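Chemist: Using only what follows, build the 3D model:
(chains A and B)
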2 protein chains.
Amino acid sequence: MTATTDKKLPHTIFSHRLANGMSLVGEPNNSVQSAAITLLVPCGYSADPVDRLGLASVLCDMVLRGAGSRDSRALINDLEVLGVERGESVGATQTSFSAATLADSLYEMLAIYSDIVRRPHLPGDQLDAGKSVCLQEIYSIDDEPSQRLMIELRRRTYPEPWGRSSHGSEAGIAAISSPQLTEHWSHYYRPNSAILGVAGNFEWEQLVDHVEELFGDWQVNDVPMIVEKQADMGAPHLEYDSNQCHIGIAYPSVPYRDPDYLRAWAAVGVLSGGMSSRLFTEVRERRGLCYTVSASLQTQLDRARVLCYAGTSEERAQETLDVTHAELLRLRDGVLPEELSRLKARIKSGLIMQQESTSSRSGSIAREWYHLGRVRTLVELGQLVDELTGPMINEYLESHPPRDFTFATLGPRPLELPREVS
Amino acid sequence: MTATTDKKLPHTIFSHRLANGMSLVGEPNNSVQSAAITLLVPCGYSADPVDRLGLASVLCDMVLRGAGSRDSRALINDLEVLGVERGESVGATQTSFSAATLADSLYEMLAIYSDIVRRPHLPGDQLDAGKSVCLQEIYSIDDEPSQRLMIELRRRTYPEPWGRSSHGSEAGIAAISSPQLTEHWSHYYRPNSAILGVAGNFEWEQLVDHVEELFGDWQVNDVPMIVEKQADMGAPHLEYDSNQCHIGIAYPSVPYRDPDYLRAWAAVGVLSGGMSSRLFTEVRERRGLCYTVSASLQTQLDRARVLCYAGTSEERAQETLDVTHAELLRLRDGVLPEELSRLKARIKSGLIMQQESTSSRSGSIAREWYHLGRVRTLVELGQLVDELTGPMINEYLESHPPRDFTFATLGPRPLELPREVS
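Modeler: Modelled structure (predicted):
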């Protein structure tokens, strides 16, 4: 990254806190023609009642079926006439609404989203259809063994309720009634802890005015704290009639807001993600053991895990598990200088290219605010990456060696799991 | 799209034909910091010998295992040090290499890609690993029934060899030898019919100079014409032990270079793709029949098909098939004015947002050159979309009503297929 290219990056990220606790963060960029929002509403799957698993997910489907002055049809029609590209997802603590459009339509789009989260109709006569869509999603996972495996791995490695499937359960969804849906919405869709990230071509002051008008009178609501408990582990193997075997390995890491996070993240980057990363090279390119192998650092607010996945044929499964696990253990010996320089080049190039997508920027700044309560610019992040050294990462790996592994496998036969090496 | 936003779009697309027949198309855009290339090499799965299905796919893996002065490790290392984000895919008539990086590194990246396609080592001692990766990819599809179904649908609806799976077959890959790989590469990796698309921050004249130097002396080679024949249909149902059923429906459409293409594409856009599209509304939102339902127009140079997919639970499968098929037939009655205006807004917003990704632009302009032998700017495309009217689409649908359907299903039991209605 040269000084010339640096200068072109938007340097300024603004933030504003509404009196009701909602946070607004914005990164204006007048070299693009689009604008994107990511609205994080503090309603996650962790708050689903245990006998209504999937409530946040059904709610997320239902709020889009009419809101404010628009019925279901008009709502979707108007978003589409604005050319909005949208997506929703339910996470541990939040439901995320993301939407992008041309800059000229930003405020119209934002007004529709304020209706969606604040004034949804939640029409009782569409509840069966909404529940059915969510149930079909659960059923479809039956036919996607890699997804099933990773759901099981997360369930085993996180304490309850943090490792739940965002899709919920069949019984939970079937049991949801219209009054419960409305009650859950009224408790959890709330401004305190809500975060709106906006990126693209807009004026900050004007944005603040619109957001104050649209969300300023949203009423604060308090919700009970989540009480966590030990996950019910069960056996690590899921029987599945196939010639393929799916392997998952997890181990604890540090969350985003931990000062060591960047080091932890860099160590996982040496393991996976690049074309010359260790897992890709050792497991796939050199030995041809499998088509897909990867590791990623998944962070929640207070806890994080490295999650590894490999999918292979049954006869190569044991070797794939052993080689993958050995690579995780080998990380304890530290990373090499050339691995670090490749990693830095990859990260920095990725930072610049990410900048060119307003959708991904609106999500990044909203999530960074959630984890840190502030947002670093890409220039600041680039500097932090520049300052990373091999000794810094190796020191981290010495004090946080990969260990306390959780395994999950899915396939025709259980595999032999490595015993913990300390 | 207002006049203001229009002005910001890059208006100029340049093209240059090398003496050896290779085409270069470029869209400079100095408001971004990245640059991306898409190199279409005329080696597709349609040219695989019938007893070596998967040859183009193995070759695509092997050319990246060392080229020019770099061995396998150095090649991947150097791409990574440049921060390159890359991807490859094998299509009916081409292998596509796409890569993006910071603008400053464009020419270094391009030089590496000229080595990859012109001077690959194709190391014999890595052939087993390369074949194994491709085999594992085939095996992994066993566990992805929606992919298996769509492969079967394409096989049934296109004449051979146009409906083949790009992954090839287990027997075909196992049979590949090192000399065959080298021979296939020397025939099919060639400049005549190759197309290089470049988008991002670069100077056109400088790019032409570099490309002439890197590819100008690449030797022309002629290959035999593909002879097509009737596909071996077989039964439309694949047995699969699951509670889920996967449904595919295909029908013929017009290819990209046909003057009617935009109308055909708009008709499919009314059917699928938007939040208020007919399939999404009827099959998913209103009846909650399934989680995923979609249709898309897939075009090859001389033929095209509309391919529909729906995945659902077994007990809803017959109804899902019937409702989806009925929606296809209903298209014959034409589209409504409000459907067209939503569609236009969606397409135009998508065009502008696509512009903000140099990767997607480099691919779009390369493919447009392949189909048309020229490239239209986004402004021109926007005008064509503006000029679309309901009567134009309805006229097209009257002369090209959805018919001659091909079906494929995968699940525990066959479904009752609709009889052709004329």
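
Chemist: backbone phi and psi for the residue lying farthest from the centre of chain A, please?
Modeler: The C-alpha centroid of chain A is most remote from residue A:315, which lies 33.2 Å away (CA atoms, centre = their mean). Per-residue torsions, residue A:315: phi -70, psi -20 (degrees, to the nearest 10).

Chemist: Kindly report the same for residue A:188.
Modeler: phi -100, psi -30.

Chemist: and if you look at residue A:311?
Modeler: Torsion angles, degrees, to the nearest 10, at residue A:311: phi -120, psi 130.

Chemist: my guess is it contacts residue A:147, does it?
Modeler: No - using CB atoms under 8 Å, residue A:311 is not in contact with residue A:147, being 11.0 Å away. The way it works is simple: take the backbone N, C-alpha and C, and place the C-beta from them, glycine included.

Chemist: which of those two has more neighbours?
Modeler: residue A:311 (26 against 15; other CB atoms under 10 Å in any protein chain shown).

Chemist: list the buried ones in the helix ranked longest in chain A?
Modeler: Ordering each helix of chain A by length in residues (DSSP state H) puts helix A:337-355 first. By neighbour count on 16 or more other CB atoms under 10 Å in any protein chain shown, the buried set for helix A:337-355 is A:339-340, A:342-349, A:351-353, A:355.

Chemist: Save the residues you listed as CSV, and put in distance to chain B too.
Modeler: CSV is the format used below for the buried residues of helix A:337-355 (distance: CB to the nearest CB, whole Å):
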residue, distance to chain B
A:339, 10
A:340, 11
A:342, 4
A:343, 8
A:344, 9
A:345, 4
A:346, 6
A:347, 8
A:348, 6
A:349, 2
A:351, 9
A:352, 5
A:353, 5
A:355, 8
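
Chemist: could the residues you listed be laid out in TSV, adding pLDDT?
Modeler: Converted to TSV, these look like this (pLDDT from 0 to 100):
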residue	pLDDT
A:339	92
A:340	92
A:342	91
A:343	92
A:344	91
A:345	90
A:346	89
A:347	89
A:348	87
A:349	88
A:351	85
A:352	83
A:353	84
A:355	81
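
Chemist: low-scoring pLDDT stretches of chain A, where are they?
Modeler: A:1-11, A:420-422 (pLDDT under 70).

Chemist: now the residue of the stretch 151-300 of chain A found nearest chain B, nearest residue through space, not along the chain?
Modeler: Going by CB to the nearest CB, chain B is nearest to residue A:288 of the stretch 151-300 of chain A, at 2.8 Å. Closest residue to residue A:288 apart from its sequence neighbours, by CB to CB, 6 or more residues apart in numbering or on different chains: residue B:132 at 2.8 Å.

Chemist: starting at the chain centroid, how far to the helix or strand harbouring the one you found?
Modeler: If you go by DSSP states H and E, residue B:132 is part of helix B:127-142. Averaging C-alpha positions (CA atoms, centre = their mean, to the nearest Å) puts helix B:127-142 21 Å from its chain's average.

Chemist: Just the residues contacting it, thanks.
Modeler: A:242-244, A:284-292, A:311-313, A:316, B:54, B:57-58, B:61-62, B:65, B:147-148, B:151, B:167-170, B:173-174, B:176-178, B:181 (CB atoms under 8 Å, 6 or more residues apart in numbering or on different chains).

Chemist: before we move on, the earlier item: right, and the helix or strand after the longest helix of chain A?
Modeler: That would be, after helix A:337-355 and using DSSP H and E, helix A:358-372.

Chemist: Quick one: the strands in the stretch 101-250 of chain A, in order.
Modeler: With strands called from DSSP state E, counting those that start in this stretch, the stretch 101-250 of chain A shows them at A:195-200, A:237-239, A:244-253.
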